[in-house]
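**Student:** need the 3D shape of this:
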Amino acid sequence: MRFTLVKNDKSRKQERHYDLRLQAVRAVPAVPFTSPDLIPVDYTLDLQVIASADDCSRVISNAPPGSWSLTSVSASAGGYDFANRLGAGFRFVNVTIPPGARVVSAYLTLRCRIAKNGVDDKSRISAEAVDNASAIADDQDAFDTRWATRTTARIDWDNISDWGQNTDKNSPDIKTVIQEIVNRANWVSGNSIVIFWEDFEDRSIHVAENWRDAYSYDGSVTYAPKIHVLYSI
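**Tutor:** As a prediction, the model looks like this:
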């Protein structure tokens, strides 16, 4: 490309010619800007049952009504003798997970109260499908109704081995159960969650020792059921 530069003054007129060469340069891809505020951050939440009215023991029997206790020293799940199905409920308060958070992982921790070695014990973990779970009333029928309205997400905890006395056992990952609760439209950080651990659907074989027994709050304030949640926002 050629262009002409003309310079005028009172004495003379000058013309100069220049060649302009254009060279294509490969564009460098732009690096997208990521605000530090948009980078997900992981948080942990560790809670424990902190009141007698926040856990319970339920036995469903082939010869109703079975049994019920809000003050039992144990929380159990599995098949007991030839007619009974064991289960428990745990309420965790002040669950400070914000709405919209992504649950990365979650599990229960139970302290074994009595050693059990049955090899075909089966249990299942779910949660009450409500926005803010109330304290557990001393009413087995009310508890059964709450269990009937449990989450769609349910996690099997089957064939639990090495249930040795005074050892801690962690459940399988129950993140889908917790996620279903915090995804509810009216969930608010600081609400409460009730977790069910049970074999009310009678999946265990009814033989000796084929159930698992953990400490409840009334059995041990120190070793009452715990939950650990890792979440990201």
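**Student:** helices along this structure, start to end?
**Tutor:** 140-148, 175-182 (DSSP state H).
**Student:** and among those helices, the most buried is which?
**Tutor:** Most buried of these, by mean neighbour count (mean count of other C-beta atoms under 10 Å): helix 175-182, with a mean of 21. For the C-beta atoms, the positions are set from N, CA and C on the backbone; glycine is no exception.
**Student:** still on that earlier bit, looking at the helices of the chain, which is nearest to residue 89?
**Tutor:** helix 140-148 (6.4 Å; C-beta to C-beta).
**Student:** ok, residues contacting the closest one?
**Tutor:** Helix 140-148 has contacts (C-beta atoms under 8 Å, 6 or more residues apart in numbering) with 56, 58, 65-68, 87, 89, 128, 136-137, 194, 196, 198, 200.
**Student:** of those, which one scores lowest on pLDDT?
**Tutor:** Checked by pLDDT, the contacts of helix 140-148 have residue 65 as the lowest-scoring entry (82).
**Student:** quick check: the residue nearest to that one when sequence neighbours are not counted vs residue 220, distance?
**Tutor:** Computed as C-beta to C-beta, 6 or more residues apart in numbering, the closest residue to residue 65 that is not its neighbour in sequence is residue 140, at 7.0 Å. From residue 140 across to residue 220, the span is 23 Å (C-beta to C-beta, to the nearest Å).
**Student:** cool, and residue 204?
**Tutor:** 25 Å.
**Student:** which of these two has more residues huddled nearby?
**Tutor:** residue 204 (23 against 15; other C-beta atoms under 10 Å).
**Student:** mind listing what that one touches?
**Tutor:** 78-79, 85, 118, 120-123, 210-211.
**Student:** dump these into JSON lines; add pLDDT, distance to residue 176 and neighbour count as well.
**Tutor:** Putting these into JSON lines (pLDDT from 0 to 100; distance: C-beta to C-beta, whole Å; neighbours: other C-beta atoms under 10 Å) gives the following:
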{"residue": "78", "pLDDT": "91", "distance to residue 176": "22", "neighbour count": "29"}
{"residue": "79", "pLDDT": "87", "distance to residue 176": "25", "neighbour count": "25"}
{"residue": "85", "pLDDT": "91", "distance to residue 176": "24", "neighbour count": "23"}
{"residue": "118", "pLDDT": "77", "distance to residue 176": "27", "neighbour count": "20"}
{"residue": "120", "pLDDT": "82", "distance to residue 176": "25", "neighbour count": "14"}
{"residue": "121", "pLDDT": "89", "distance to residue 176": "22", "neighbour count": "27"}
{"residue": "122", "pLDDT": "93", "distance to residue 176": "19", "neighbour count": "20"}
{"residue": "123", "pLDDT": "96", "distance to residue 176": "16", "neighbour count": "28"}
{"residue": "210", "pLDDT": "85", "distance to residue 176": "27", "neighbour count": "21"}
{"residue": "211", "pLDDT": "90", "distance to residue 176": "25", "neighbour count": "27"}
